[in-house]
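**Student:** Build me a model from this:
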Amino acid sequence: MRTILYLIRKEFIQIFRNKFIGRAIFAVPIIQLLVLVPAVTFEIKEIRLVVIDRDLSAESRALVNQLEGSTFFRLNYFTDSEKEAGKLMDQDKCDLVLNIPSGFGRDIGLARPARLMVSANAINASSAQLSWVYFNGVIRDYNMNVITENINIGQIQQGPLITVTNRYWYNEMLNYRHYMLPGILVILVTAIGFLLAGLNLVREKEIGTIEQINVTPVKKYHFMIGKMVPFLIIGLVDLAAGMVIGRLIFGVPFEGSIALLFLSATIFLTAILGFALFISTLSSTQQQFMFIAFFFMIIFVLMSGIFTPYESMPRWAQLFNRLNPVAYLMRINRMVMLKGSTIYDIRTEIWSLVAIAVGFTFFAVRRYRKTA
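**Tutor:** Predicted coordinates for the structure are as follows:
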């Protein structure tokens, strides 16, 4: 035990001897959190609209006014040329083109179906789908207003009414920051543990200081524990700082157990540190490690469910995610922070992380070679 404590002390001295790394360990995650949480969002707050109004009636003007009154749409251009509207879309100056044909107002006045044509810029498929949903909502409201204005009140027959009340659980105000912050915390903790721990070991290889450890009677598992514990502690400190920032600055709620969250993060960091050290035993230079580490980190993060729900992925991706520790902590963070889930609710994720942590650490210890 004393040997491990001395190795941990040596690692902390070595880490903080480099002033840049010592400051970056805490400053970079905090800055990234402040930037990424408000910036990374799938919410659409402004849909640029072009209107071709060939009808020029009171009804078409009422429709345009209702679109302008929505918080989602901004009317950029009026034109009577489909060619000009297409050019604006080609130049990425609009997201939707609304074409109101002549006779639109007449058809409404005669109680006949009125037609509209809408063209959407679908380069970004998710943005186009959301724009279409918002547009359909405005059209539905407009249609209800027309029906209400033209209905004969005397013909209305009273009947039983069904009232539907919507309630959103866990994120009642649909605040996207509440959804993103737990996921971004996972990415920041992953970056600290995965990149810095592996680079630290490879750097010792490059400068030759690791040979001084190799010729001592220090056992391989002592050496690996000494490498892992400092970055595990640093990762947990960064996680705590991120949670404080999320609560004070972004108002993200915390409904679950802090102890459970940190227990899960500890197991996760053990897994990711074991994998980083395993890769570092295969790498001779920092450049080699960085190339391999970025390859795996990008895959782990993009397939973790931070943007795409796990259930929406193809079957083969879901099978791959059984070996992806980032995917497990992503679900755990959101479940514990937003839903208040207990250890019983996340027991599958916990045991999976434990298995991955044991496996990666075992391979790292076995692969490391002490050579004089």
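**Student:** Could you list the low-pLDDT ranges of the chain?
**Tutor:** 150-164, 214, 370-372 (pLDDT under 70).
**Student:** got the domain boundaries for it?
**Tutor:** Per the record, the chain has its domains at 7-40+174-367, 47-146, by automatic domain parsing.
**Student:** which stretch among these comes nearest residue 1?
**Tutor:** domain 7-40+174-367 (9.5 Å; CB to CB). From N, CA and C alone the C-beta is placed, and that goes for glycine too.
**Student:** Give me the distance from that closest one to the chain's centre.
**Tutor:** Offset of domain 7-40+174-367 from its chain centre (CA atoms, centre = their mean, to the nearest Å): 16 Å.
**Student:** swap in stretch 51-63?
**Tutor:** With CA atoms, centre = their mean, you get 40 Å for stretch 51-63.
**Student:** Okay, buried residues for that stretch please.
**Tutor:** Residues of stretch 51-63 classed as buried by neighbour count (16 or more other CB atoms under 10 Å): 51-53, 55, 57, 59-60, 62-63.
**Student:** quick revisit: who wins for proximity to residue 166 among the domains of the chain?
**Tutor:** Of those, the one closest to residue 166 (CB to CB) turns out to be domain 7-40+174-367, at 10.6 Å.
**Student:** Would you mind measuring the gap between the ends of that closest one?
**Tutor:** 20 Å (CA to CA, to the nearest Å).
**Student:** just to revisit the earlier point, what two of the buried residues of stretch 51-63 are the furthest from one another?
**Tutor:** Going by CB to CB, the pair spanning the buried residues of stretch 51-63 furthest: 52 and 62, at 16.5 Å.
**Student:** what number of residues lie near residue 101?
**Tutor:** 15 (other CB atoms under 10 Å).
**Student:** Run through the residues that contact the residue lying closest to it once chain neighbours are set aside.
**Tutor:** Nearest-residue entry for residue 101: residue 54, 5.6 Å, with adjacent residues in sequence omitted and distances by CB to CB, 6 or more residues apart in numbering. Residue 54 makes contacts with 80, 99-102, as judged by CB atoms under 8 Å, 6 or more residues apart in numbering.
**Student:** can you check residue 227 too?
**Tutor:** Per CB under 8 Å, 6+ apart, neighbours of residue 227: 7, 11, 197, 200-201, 273, 277.
**Student:** In PyMOL, how would I select the buried members of those residues?
**Tutor:** Per 16+ other CB under 10 Å, the buried members of those correspond to this PyMOL selection:
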select buried, resi 7+11+197+200+201+273+277
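**Student:** Show me the contacts of residue 227 that map onto helices.
**Tutor:** The helices, defined by DSSP state H, take in 7, 11, 197, 200-201, 273, 277 from the contacts of residue 227.
**Student:** buried stuff in the longest helix anywhere in the chain?
**Tutor:** Assignment by DSSP H gives helix 220-248 as the longest helix of the chain. Along helix 220-248, these residues count as buried under the neighbour rule (16+ other CB under 10 Å): 222-232, 234-236, 238-239, 241-243, 245-246.
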